[in-house]
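*Asks:* Let me see the structure of the following:
(one chain, ligands or ions: 1)
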Amino acid sequence: MSDAPIDLRSDTVTRPTTSMRAAMATAEVGDDVFGDDPTVNRLEERVAALLGKEAALFVPSGTMSNQIAVRLHTVPGDELLCDANCHIYNYEVGGPAALSGVTCRCVDGEFGILELAQLEDKIRPINEHLVITKLVCLENTHNRGGGKVYPIEKIAAISRWARKHNLAMHLDGARLWNAIVATGIAARDWAQHFDTVSVCFSKGLGTPVGSTLTGPKALIFRARRIRKQLGGGMRQAGILAAAALYALDHHIERLAEDHRHAQVLAEAIRDTPGLTLFPPEVETNLVWFRIAPELGTAKDVAAALKQHGVLVHVTGPQSLRACTHLDVSAAQAERAADVIRKSLRKKVAVTA
Ligand SMILES: Cc1ncc(COP(=O)(O)O)c(C=O)c1O
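*Replies:* This is a model prediction of the structure:
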């Protein structure tokens, strides 16, 4: 058995498989800034079709994709509405303010899920003192929400309301693939409720780099210019697009395995005194949990698990995240669960 640690810190830690590397090595390429890369073009067409949108743009990261979307839908002095724990607000280095001159009005969702009723009174009246409300950003699955799948009927209700009030809708779908597999709801059925949708290939799908922003042709035309301005124009990017095409063919259905492995970890956390799943039900591949003070801090617990070859991500003073992904086998998930049960139970016994 390998002694390599079981790395549950993030689903971004995966390395491209041998077959994915082979697809990358043999990709037909050209200069994508000239629009000449056939593999990038193929990927963009494929993702646009999958999401039922007119056009798509391949970009280096989910962050760039989201921030281009914010720029597309706003002008400086505007405001967007989002959940207080969303990635766009928390983990994109203040992008909306820094890159678009936009304020984020954060609303407390339940594990990232906003209800229409929470948004209905958030549109600013037109008044020279006030920012102008322009955009709603949702996240599915929700990272800090513990991998929660956004119920589609809630999205539909928010979208109907947003359209009625001329607000644009953007989806941060970094893990939309997980929502698709968890529910059986097709990509285009989710995407129809949004003007723009960002999806990532470098999380559960296991590619080294890459996201796409999809939307109407006119917006994606502008998005291409913004990508260039942000320094995201790539040349022979077909090597990366080939990995994404490979992942679309081979790595979507298998996300169900990651979801099963997350349940194995969740069971171990439920069985361990001092650990509490947060949210209590695990729906996809992200397992967030809280640490009772008698076990120490999250850093203490992460260090204890590391000693036994299991890496988790410290997300707060008393909270941790474990992610399952392509590079975690069923046996490794079982082993990690065993480590959680045994090493932390012992720790409670010693501390008590
Ligand atoms: C929900 C969500 N959106 C966006 C991103 C940003 O992706 P990237 O790291 O490619 O910029 C992440 C990254 O983990 C994420 O979890």
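
*Asks:* residues near the residue of the chain found nearest the ligand, how many?
*Replies:* Nearest residue of the chain to the ligand, counting by CB to the nearest ligand atom: residue 62, 2.6 Å away. Heads up, the C-betas are built off the backbone N, CA and C, glycines and all. Each residue near residue 62 was counted by other CB atoms under 10 Å, and the total is 27.

*Asks:* do the same with residue 300
*Replies:* What residue 300 shows, counting by other CB under 10 Å, is a neighbour count of 14.

*Asks:* One more: residue 67?
*Replies:* Neighbour tally, residue 67, other CB under 10 Å: 26.

*Asks:* dump the residue contacts of it.
*Replies:* Neighbouring residues of residue 67 by CB atoms under 8 Å, 6 or more residues apart in numbering: 88, 92, 95, 96, 99, 100, 230.

*Asks:* With just CA atoms, put the lengthiest strand in the chain into PDB.
*Replies:* For the chain, the longest strand by residue count, based on DSSP state E, is strand 132-139. Coordinates of the C-alpha atoms in strand 132-139 are reproduced here as PDB (Å, rounded to 0.1, in the frame of the first residue of the first chain):
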ATOM      1  CA  ILE A 132     -27.700  50.600  -8.800                       C
ATOM      2  CA  THR A 133     -28.700  46.900  -8.300                       C
ATOM      3  CA  LYS A 134     -27.700  45.000 -11.500                       C
ATOM      4  CA  LEU A 135     -26.800  41.400 -10.900                       C
ATOM      5  CA  VAL A 136     -27.600  38.300  -8.900                       C
ATOM      6  CA  CYS A 137     -24.800  35.800  -8.500                       C
ATOM      7  CA  LEU A 138     -25.600  32.300  -7.300                       C
ATOM      8  CA  GLU A 139     -23.200  29.300  -6.700                       C
END
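
*Asks:* Neighbouring strands of it in the sheet, and parallel or not?
*Replies:* strand 78-83 (parallel), strand 168-173 (parallel) (DSSP bridges).

*Asks:* and the last one, how far from the chain's centre?
*Replies:* Which is strand 168-173. 12 Å (CA atoms, centre = their mean, to the nearest Å).

*Asks:* Show the contacting residues for the spatially closest residue to residue 332 that is not a sequence neighbour.
*Replies:* Distance criterion CB to CB, 6 or more residues apart in numbering; nearest residue to residue 332, sequence neighbours excluded, is residue 6 at 4.7 Å. Under the criterion of CB under 8 Å, 6+ apart, the neighbours of residue 6 are 309, 310, 311, 328, 332, 335, 336.
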